[in-house]
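*Asks:* only geometry, no sequence info:
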């Protein structure tokens, strides 16, 4: 595999970036240990060499993979003078802080921490938005799951007076109220107010019934918000202590879209009887709502993004009639006319709600200037080759070959931007770029500062033919410095399953396993997002059959290439991946020496019975399957076929997959006389969130994998099996 050469000065001149200057060390205000926090500040911009040594010599401490030393949502203030960053409090584990940097003085200006904490959850800063250089509004969240994943919103909205060093609750639910709030939009011509949107909080994911008649409302909220905390949460009859309701959606559930002027003109919701999606539109705030075309609302991944700069049309992500992939359209709801702006016949516009919508907006007018796709590696396609987005991304792509640049934030006039540069081996480095001079400087923090890209392993896109001839996509990561043959391998299966995919980029579990000498296979089985509607729908009604065959066939393909010892393979997955790990090990017990199910679904009829209003979703993806078919595809009914090692992981506060699934599988394994190991944390959610628990899980799983397929020979592994 070819190592990437660090770009030299000539490369940067060609890229258009004139000079990449480090900001230099920051001074300290307060008592946080900046020697650790900012040790990357003076590292310059030269990329680290990716030449790899032996896995033993490059062994990275496990704690470096699971740490709170991550930096989220760097956001520029309107003038570009200040930068807000969410990071983690070194004094209080599992709590984050909001740091405000003065970019002119190169110093911390303010720090804020949330006042509410308890034993098992922490209220977190989330979705920070600047209104002025002195005023920030944000929502809050609580982590009941993996820190890399989306948290659970609390439904509270706060403001921060930066100079006054004060946080105020502006709007929020009281205990037992099913409605929460989030920031809908700041107002371009009114810095004293902003819009919030109410939404119904489904307190249990698939395991709790939602109220399809709960219509979201929009509130006009004062950014100052002088009401007391108790007054802010006691709202009713359309008023709050800090604002008032201005409209209610004509549809149940869903969301609302405001235009560039802050006028709410699009409603997305549900039919209370069928659960199907419905859309409504109005040309102005004084007009009546009218339904949008029915042919747009029946497809799972169709998505209205927001208004175009002229405030008349909408950006729409929808399937193209020829290629069947998701493309970007300009949609005029007044005429129902769609104009295609971009499409790729092989791959979708990157449209996952978990990873971003793949649309890259410019500053000021919020025009889509570029589109991201990911067939194997991420690719940027420019829609406006002369815009500032093209200027910035082209420069960074040339200066950092083999890595991927993302524009995270703009100053209001577009003169400055924050860019994240990352790759499969580099978790991420942040840069501040002056778009007028193209001078760029590394910001004094990294996404995961303890990770050295030189010690990480490359992730290679792969394709193979499934047993029915369908081309299946995925990724293979081979441990750095190890011979590319006779390796032990972990098959790591993604969750979802539909609308989610494995992606090229840094992945904590993949890199940890590779660093310990394991090859890692990730299969984007049919049903995964990214490869068009036929690829997606090919997984419907095949949770436990064809989708598992894709994983099994991918495993056999890697073995056939000579990379892997066929007697040293385990399978591991989280959520649907946990289901797939157990199910695949039942279908092919001779292929996998051990299996790990984390937060998995193991009884499909139980899942459907507890799905509430999500039942309409399961009716679509399980179309044509009887209850007996679902039982046949349920791992709990085939535990006798399992051989080798079994490890089950579960959080007791999992609001996505009920812990009943975990208990049922344990009971069936016990009744069948199967030996298994398990790790249960009563206050964790859908994937462990507390760093101490993640480290404990990683240590135990590494020991488990080492026992079954580790350094011993296959004979020793068999002899050591319990």
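*Replies:* Received, thanks. All values derive from a computational prediction rather than experimental measurement. Residues are numbered from 1 along each chain as shown.
*Asks:* Does the longest helix anywhere in the chain pack against any helices or strands, and if so which?
*Replies:* Identified as the longest helix of the chain according to DSSP state H is helix 691-709. Helix 691-709 makes packing contacts with helix 62-65, strand 487-493, helix 508-515, strand 564-574, strand 594-598, strand 645-651, strand 677-681, helix 714-720 when contacts are defined by 3 or more Cβ pairs under 8 Å, 6 or more residues apart in numbering; DSSP states H and E. The way it works is simple: take the backbone N, C-alpha and C, and place the C-beta from them, glycine included.
*Asks:* rerun at 6 Å
*Replies:* strand 564-574 (3 or more Cβ pairs under 6 Å, 6 or more residues apart in numbering; DSSP states H and E).
*Asks:* Give the pairing partners of the strand it packs on; include direction for each.
*Replies:* Applying DSSP bridges, strand 564-574 is found paired with strand 487-493 (parallel), strand 594-598 (parallel).
*Asks:* Which residues in the longest helix of the chain does the neighbour count mark as buried?
*Replies:* 691, 693-695, 697-698, 701-702, 704-709 (16 or more other Cβ atoms under 10 Å).
*Asks:* Just the closest of the residues you listed to residue 466, please.
*Replies:* residue 709 (24.5 Å; Cβ to Cβ).
*Asks:* contacting residues around the closest one?
*Replies:* Applying Cβ atoms under 6 Å, 6 or more residues apart in numbering to residue 709 gives the contacts 488, 568, 570, 593.
*Asks:* at 8 Å instead, please
*Replies:* Residues near residue 709 by Cβ atoms under 8 Å, 6 or more residues apart in numbering: 488, 489, 518, 567, 568, 569, 570, 593, 594, 717.
*Asks:* Could you tell me the per-residue confidence at the first one?
*Replies:* Listed pLDDT for residue 488 reads 97.
*Asks:* my guess is it contacts residue 520, does it?
*Replies:* No. Assessed by Cβ atoms under 8 Å, residue 488 is found out of contact with residue 520, at 10.3 Å.
*Asks:* Neighbour count: these two, which is higher?
*Replies:* residue 488 (27 against 24; other Cβ atoms under 10 Å).
*Asks:* Check the gap between the more buried one and residue 502 for me.
*Replies:* Residue 488 sits at a distance of 20 Å from residue 502 (criterion: Cβ to Cβ, to the nearest Å).
*Asks:* for stretch 170-189, how far is the first residue from the last?
*Replies:* 20 Å (Cα to Cα, to the nearest Å).
*Asks:* avg pLDDT for it?
*Replies:* So the average pLDDT for stretch 170-189 ends up being 80.
*Asks:* what comes up buried for it?
*Replies:* Buried residues in stretch 170-189 (16+ other Cβ under 10 Å): 170-173, 179-187.
*Asks:* Can you tell me which of those is nearest residue 661?
*Replies:* Closest approach between the buried residues of stretch 170-189 and residue 661, by Cβ to Cβ: residue 180, at 26.6 Å.
*Asks:* which stretches of the stretch 351-500 of the chain form helices?
*Replies:* Counting by DSSP state H, counting those that start in this stretch, the segments of the stretch 351-500 of the chain that form helices are 388-399.
*Asks:* Could you point out which residue ranges in it have low pLDDT?
*Replies:* 351-357 (pLDDT under 70).
*Asks:* those strands in it, which residues are they?
*Replies:* With DSSP state E, counting those that start in this stretch, the ranges of strands along the stretch 351-500 of the chain come out as 359-361, 368-374, 378-382, 404-410, 416-422, 429-434, 439-446, 459-465, 471-477, 487-493.
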